[in-house]
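> got a predicted model here, sequence first, then my questions.
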Amino acid sequence: MTEPLRLTVNGVESELEASPDTPLLYALRNDLGLKGTRFGCGSGQCGACFVLIDGHPAPACDTPLWGVAGKSITTVEGLGAGGELHFLQEAFLAEQAAQCGYCTSGILISAAALLLKKPRPTASEVREALDRNLCRCGSHNRMVRAVLRAAQE
Amino acid sequence: MNTVAETRLKRPGSLEKNPRLSQWLRVHRDGTVSIYSGKVEIGQGILTALAQIAADELGIALERIRMVPADTAVSPDEGVTSGSLSIEDSGVALRSACAQARALLLESAAARLAVPARDLQVADGAVQGGGRSTSFWECADDALLDREIDQTAALRSPGDYGVVGKPTPRRDLPDKIAGRPRFIQDMTLPRMLYGRIVRPPHNFAGLISLDDGKVRSMPGLAAIVRDGGFIGVLAEREEVAISAQRTLRLTTSWKEIDPPPRDVHAWLKEHAAEHRVVSEKENADVKSRAAKVLEASYTKPYISHASIGPSCAIAQIEGGKLMVWSHSQGIFNLRRDLALALAMREDAIVVRHVEGAGCYGHNGADDAALDAALLARAAGGRPVQVQWMRDDEFAWAPCGPAMALSLRAALDAHGNIVDWHHELWSNGHSSRPGRAEGPALAAAWHLARPHERPSAINIPLPAGAADRNAIPIYDFPNQRVVNHYVREMPVRTSALRSLGAYANVFAIESFMDELAQAAGIDPIAFRLRHLKDPRGRAVIEAAVRRADWNRWKPAEGRGHGIGFARYKNLGAYCAAVAEVEVGHEVRVERLILAVDVGLVINPDGVINQIEGGAVQSTSWTLKEQVKLGERGIASLGWEDYPILKFSEAPAVEVELVDRPELPAVGAGEAAQGPTAAAIANAVAHALGLRIRDLPLTHERIAAAISQST
C-alpha cells in the first residue's frame, strides 16, 4: 500500500491513494472529478491538459504526482472564485470563442498565466503566449480577441 | 406501372424516412418542448441552429427548446451528420414538423376555448380568446402529435422570424468554457473500467506473438482481452491501463504489411481501377478556335483529422443488451456495423450520442465504439471507457485521401477558355460504417474470425466525393472531367471535411490563374467573363470589394490571390482573397471571405464555421501531410504532424451575402477549397512562380526557386 499523497488543487487540500508516478492528469480527472483538464497527446505538446502549477502553465499529462507535492495547482474549474466564471471565461463566452471546446480549458490556463504576468498584453503577445496550445477547429482569432477583451475589462 | 407510393411526392429533408410528427418533438406540460433530431453536435453548432428553427416555427422562446441528444432508441434516423447537410435534412424536417405541431396545438386550444382558431391571440405558447386563456402546455398531449406529417401547415415567412437570422450564442459553449464535463471523454459511470487497445503504431497483417508476463501482475489490472489480433487491456485506474498498453506493445510482435509506395501520386496514376467520365460537353466549332494550350498537374497529400481529443467510447453489456455511448457522426450506421462485428441483433444494441472533441469527418469515433464493446464483453457487466492514445489516432483513424490531378485547357485568341480537361486519381472518400457488406470498424478486421476491410468508395454525383467540385462551375463550351478511382488503399482513407472539393478547387482555381496570366487578363475579370451564375459573381465581387483588391500595393515578397467555388456545385458559395508574405516560409497575413448560404439561420454560427474552415484550410495548405515510412503512417505525434499555431493564424474577415428568400444550406465545408486556392495564387503572385504540390512548405518554395534559376 502506498502512502497517501497530499495535493492542493484550487485551494483545497486532498489526500490521494495513488502511486507517486501517477500523472497529475489522471488524479485530477478520475480521483478529484475535475474533468475540465483533458488528455490530448500525453507528451505536453498540445496544451489540452494545461494547469497552473504555482502560477505557471504546465502539462498535467506528463507531470507526476511526486513533482507537485507541496505546490499549488489551479485547474480550469478553479480559475473563477466562488463558483463564478473567471473574467477570461466571460470574455470567451462574449466572443463565442470556441468551436468544439476541447482545447479551451488549456487555452484559458495559458491566457490566465499571461494576464497574471502581463495584464495588458498586445495581440502578438497573446498569440505568442498561446503558441504552446493547439486548436484544430480554427478558433484562434476569436480566442485572441477574447483574451484582449478580458484584459481591457 | 405506377403505384400510389411511387407517384407520391417525395417528402423533403429527413421527413421521407421519419414521417411521424411524434418522431420529431414532444410538448411538455412544464412549458418546454423536446426536439428530437438525428443530427449531432460535432463542434459546428448545429443543435443551436436547429433549436432556433424549431423555436421560430413553433412561435415560442428559444429557452423553451430542449435538444435531445441523438439516440437510436428515440431519435429519427437521419443517417450521418456530414456533407454540410444538417440544415437541409434536419432543419427542413423540423420546420414542417413544428409548423404542423403549432397548427394542431392551436386547433386544440380553439376547441378548449370554444373560439375559432383565427380569433386566437398567441404569444410564446400562451393562447387567449373569448376572454379566456390556455396554453400550448395545457393542450400538450402525446396523442395529438401521433400522426403523419402532412406538410399542409403554412410555414413562417422570413419576415416573421424571431431568432432565425440573429446571432445566437451556442447552447453548448457555457459548459465547455466553464470546463464542466460535457464530452464523452469526461463521462464517468459507476464502477467504470478504463480500457486501452494494444495496436502497433502502424498497420499490420496479424499477430505473431504476445508475451503478457510483465503485465499480468500489474496491480489494478482487471483483464487482458485477446481475440485473434485484437488485444485490449482493462484496469481500475486509467494510468494503469495506459501503462499496460505501452508495455504490451513492446512485448508483442506483428506480421508487417508491405511498405506503402514511395511516390503515392505516381502510384495512384498506375493503379486506377475504374475510369469514369463525369462531365462532357462538346462544341467542335468553338474548340477549333484554340490558339494556346496549357497543361498542369497538381497534388494533394494524405491529411490527418488530427483532432485535439483522441477518439473515445463507453460500452456496457448487461443481460445480452449492449449500450454504447459514442461521438459517432452516424449512430444508426454504427449500430448496424456493431451488430455485424459482434454477431448481435441490432435491436439488442442502443447507441447514444455524446459530444466529443472536434470532428472533421470520419475519424476513429466508430472504431473506438467497437473497441469498447469488445472490452465490455470481458467486464462482467461493468461499463468500459476506451480512449485512443495520440499515436493510435494518427496511425489508425482514416486519412483524407491523397489525390493527383491533371488539367489541360485551350484559350482562343481573345483569351476565352474554349476547351477544358480535368482528370483526377484518388482512393474513395468514404469508408464509413453502414455502407459495406461487412463492418467498417478497425477491430473487426483483426478478430480471430476477421472481417475484410472494405475499400473506400465514392458517393455519386451530383454531390460526388473524389470528384466533388471537379466539374467546373464556369461556363466552358467544351469540357471533359474524368474520375480515376483507385480501389487498393495503401493507407486507410475516408471522408475528411469537403472530401475531393479541397483538391479539385485548389487545382481548378490555380489553373484559372495560370490561364488568366497566359491570356494577359486580370484574374478577377478572367473569372467573371467565364461565370454566368449571379450568386457566384456576387460573392467574388463582394470579396474583391472588401479586400480592396484594386488598390493592392505591390511589394517584394508579397502577393494576393483569389479562390472561388460553390460547395458541391449545390451548396454554399464562397470566394476567398488571401494576402501573403513569402520569406523563408509562407505567411498568410489576411483572408477575406464572402459567403452566400441562402437564408442565414445563425449569422455568428456561419461566420464561426467559415473562419474555422479558412484557418484549418490554411493549416492544411501550408503545413500538413501525413508522412509515410516503411511500416505505413510515420506521423504519429504533433512533432511529425505540425498544424498551424496561434502566431501563424491569419486575420480572417467574413462577409455574409444574406439571401433570406433562398433555402438555407450548410457552411462547414464551403471555405476549404477557395482558401487553399487563394493562398496558392497569392504565393504565385508573390514569387512569380507556381507551386502545384500541397502543402506549400519551405522545401517546396526552395525547390521551385532553384528550378527556375
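That came in fine, so what should we check first?

> for the stretch 551-700 of chain B, what spans make up the helices?
Remark: helices assigned in the stretch 551-700 of chain B by DSSP state H, counting those that start in this stretch are B:603-623, B:672-687, B:698-708.

> quick one, which of the ones you listed is packed in tightest?
Per residue and on average, the most neighbours among those fall to helix B:672-687, with a mean of 29 (mean count of other CB atoms under 10 Å in any protein chain shown). Heads up, the C-betas are built off the backbone N, CA and C, glycines and all.

> convert the C-alpha atoms of it to CSV, please.
The C-alpha trace of helix B:672-687 is given here as CSV (Å, rounded to 0.1, in the frame of the first residue of the first chain):
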residue,chain,number,x,y,z
GLN,B,672,-11.6,25.0,-47.6
GLY,B,673,-11.1,24.8,-51.3
PRO,B,674,-11.4,28.5,-52.0
THR,B,675,-8.9,29.3,-49.2
ALA,B,676,-6.3,26.8,-50.5
ALA,B,677,-6.6,28.2,-54.0
ALA,B,678,-6.4,31.9,-52.8
ILE,B,679,-3.2,31.1,-50.8
ALA,B,680,-1.6,29.2,-53.7
ASN,B,681,-2.5,32.1,-56.1
ALA,B,682,-1.2,34.7,-53.7
VAL,B,683,2.1,32.7,-53.3
ALA,B,684,2.4,32.5,-57.1
HIS,B,685,1.8,36.3,-57.3
ALA,B,686,4.4,36.9,-54.7
LEU,B,687,7.1,34.6,-56.2
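
> now find how far off-centre it is within its chain.
23 Å (CA atoms, centre = their mean, to the nearest Å).

> so it versus helix B:698-708, what angle?
Helix B:672-687 and helix B:698-708 are oriented at 50 degrees to each other (axes from the mean of the first three to the mean of the last three CA atoms, to 10 degrees).

> and the residue in chain A that chain B sits nearest to, helix, strand or coil?
Closest to chain B within chain A is A:G36: 2.5 Å, counting by CB to the nearest CB. At A:G36 the chain is in coil, as set by DSSP: H, G, I helix; E, B strand; the rest coil.

> can you get me a residue count around it?
Close neighbours of A:G36, defined as other CB atoms under 10 Å in any protein chain shown, add up to 27.

> any chance of the helices of the stretch 551-700 of chain B in JSON lines, plus distance to chain A and mean pLDDT?
Output for the helices of the stretch 551-700 of chain B, formatted as JSON lines (distance: least, CB to the nearest CB, whole Å; pLDDT from 0 to 100):
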{"stretch": "helix B:603-623", "distance to chain A": "3", "mean pLDDT": "97"}
{"stretch": "helix B:672-687", "distance to chain A": "10", "mean pLDDT": "98"}
{"stretch": "helix B:698-708", "distance to chain A": "18", "mean pLDDT": "93"}
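
> and those: which comes nearest A:L16?
Smallest distance to A:L16 across the helices of the stretch 551-700 of chain B (CB to CB): 38.4 Å, for helix B:603-623.

> show me what that closest one is packed up against.
helix A:140-152, helix B:501-519, strand B:586-596, strand B:651-656, helix B:672-687 (3 or more CB pairs under 8 Å, 6 or more residues apart in numbering or on different chains; DSSP states H and E).

> next one: it to chain centre, how far?
13 Å.

> that one to helix B:698-708, inter-axis angle?
60 degrees.

> angle of helix B:603-623 against helix A:140-152?
Going by the same axes, to 10 degrees, helix B:603-623 makes 120 degrees with helix A:140-152.

> how about A:N30, nearest residue that isn't a chain neighbour?
Take A:N30 and drop its neighbours on the chain: the residue closest to it by CB to CB, 6 or more residues apart in numbering or on different chains is B:E238, 5.7 Å away.

> likewise B:P158?
Counting by CB to CB, 6+ apart, the nearest residue to B:P158 once its immediate chain neighbours are dropped is B:P660, at 4.1 Å.

> pull the contacting residues for B:A348.
Taking CB atoms under 8 Å, 6 or more residues apart in numbering or on different chains, we find B:A348 in contact with B:320-322, B:339.

> name the SS class of B:D89, please.
Under three-state DSSP, B:D89 comes out as helix.

> can you give me the distance of it to B:F332?
As judged by CB to CB, to the nearest Å, B:D89 and B:F332 stand 13 Å apart.

> could you do B:E581 as well?
Taken as CB to CB, the span from B:E581 to B:F332 is 48 Å.

> between the two, which one's more packed in?
Shown here are B:E581 and B:F332; by other CB under 10 Å, B:F332 has more neighbours (21 against 17).

> what is the burial count for the closest residue to B:S647 other than its chain neighbours?
Excluding the flanking residues, the one nearest B:S647 by CB to CB, 6+ apart is A:R127, at 4.5 Å. Using other CB under 10 Å, A:R127 has 20 neighbouring residues.

> A:R127 touches B:A651, doesn't it?
No. Using CB atoms under 8 Å, A:R127 makes no contact with B:A651, being 11.1 Å away.

> so where's the chain uncertain?
Since you didn't name a chain, this refers to chain A. A:1-3 (pLDDT under 70).

> that's the wrong chain, I wanted chain B
For chain B, the stretches with pLDDT under 70 are B:1-9.

> domains for it, by residue range?
Taking automatic domain parsing as the criterion, chain B consists of the domains B:10-170, B:184-257+B:309-396, B:504-709.

> repeat for chain A
A:5-78, A:87-152.

> so which of those is the most packed in?
Comparing the domains of chain A by mean neighbour count (mean count of other CB under 10 Å), domain A:87-152 ranks first with a mean of 22.

> where along the stretch 251-400 of chain B do the helices fall?
Using DSSP H, counting those that start in this stretch, helices in the stretch 251-400 of chain B cover B:264-270, B:284-287, B:331-342, B:365-376, B:390-396.

> which one of these lies closest to chain A?
Among the helices of the stretch 251-400 of chain B, helix B:390-396 comes nearest to chain A, with 4.2 Å by CB to the nearest CB.

> what helices or strands is the closest one leaning on?
When contacts are defined as 3+ CB pairs under 8 Å, 6+ apart, helix B:390-396 sits against strand B:632-633.

> which SS state does A:G40 fall under?
Secondary structure, three-state DSSP: A:G40 is coil.

> surely B:L106 forms part of a helix?
Yes. Under three-state DSSP, B:L106 sits within a helix.

> contacting residues for the closest residue to it other than its chain neighbours?
Excluding its sequence neighbours, the residue lying closest to B:L106 (CB to CB, 6+ apart) is B:A117, at 5.0 Å. Residues counted as contacts of B:A117 (CB under 8 Å, 6+ apart) are B:106-107, B:109-110.

> what residues are up against the closest residue to A:A94 other than its chain neighbours?
Of all residues not flanking A:A94 in the chain, A:R149 sits nearest, at 6.5 Å (CB to CB, 6+ apart). Taking CB under 8 Å, 6+ apart as the contact definition, A:R149 lies against A:91, A:94-95.
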